[in-house]
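K.L.:
Next come a sequence and a model predicted from it.
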Amino acid sequence: MANPEEIQHPENDRRESTTANKYRRSIFNVPVTVTVSIGQARLSVSEILELRPESVVPLTSRIDDPVNISIENKLIARGELVETEDGSLGVKITEISEQAGDAIA
């Protein structure tokens with residue numbers, strides 16, 4: 001088992017003033033689009049052409065089912081839909097994908 005003093009902490013890496021770490025720190029401010037998938041539907045072209053305002057497209061998932069959280073089509077986490085304090089929709093993270101950790105390492 002590693003000695004606690006030997007474990008490198010990401011926050012310590014960010015404080016170093018080397019050129020490589022300045023570059024690494026700069027990517028923390030790059031915006032990325034996070035996509036939350038709540039379900040899907042399979043419709044024929046004729047069904048799509050029949051869609052009108054007030055049409056309801058039933059999804060494959062239920063309101064309480066977990067949602068997938070992705071960046072660039074890569075699953076990073078799962079969560080549950082919640083209402084925020086201001087009444088908008090949000091996602092409460094319930095699980096971080098193992099793939100997300102692999103991408104960071």
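P.N.:
Right, received. Where do you want to start? Residues are numbered from 1 along each chain as shown.
K.L.:
Show me which helix runs longest in the protein.
P.N.:
Ordering each helix of the chain by length in residues (DSSP state H) puts helix 19-27 first.
K.L.:
So what's the model's average confidence on that helix?
P.N.:
For helix 19-27, mean pLDDT is 75.
K.L.:
List of residues touching the longest strand seen in the chain?
P.N.:
Longest strand in the chain by number of residues (criterion: DSSP state E): strand 74-83. Contact with strand 74-83 is made by 36, 38, 63-64, 66-70, 89-97, 99-100, 103, as judged by Cβ atoms under 8 Å, 6 or more residues apart in numbering. Any C-beta I mention is one placed from the backbone N, CA and C, and that applies to glycine too.
K.L.:
bridging residues for the nearest residue to Asn73 once chain neighbours are set aside?
P.N.:
Nearest residue to Asn73 in three dimensions, chain neighbours excluded: Thr35, at 7.9 Å (Cβ to Cβ, 6 or more residues apart in numbering). Per DSSP bridges, the residues bridged to Thr35 are Ser70.
K.L.:
which residues touch Thr35?
P.N.:
Residues near Thr35 by Cβ under 8 Å, 6+ apart: Ile69, Ser70, Ile71, Asn73.
K.L.:
what's around the last one, how many residues?
P.N.:
The one in question is Asn73. 6 (other Cβ atoms under 10 Å).
K.L.:
what's the spacing between it and Ile38?
P.N.:
Separation of Asn73 from Ile38 (Cβ to Cβ, to the nearest Å) stands at 16 Å.
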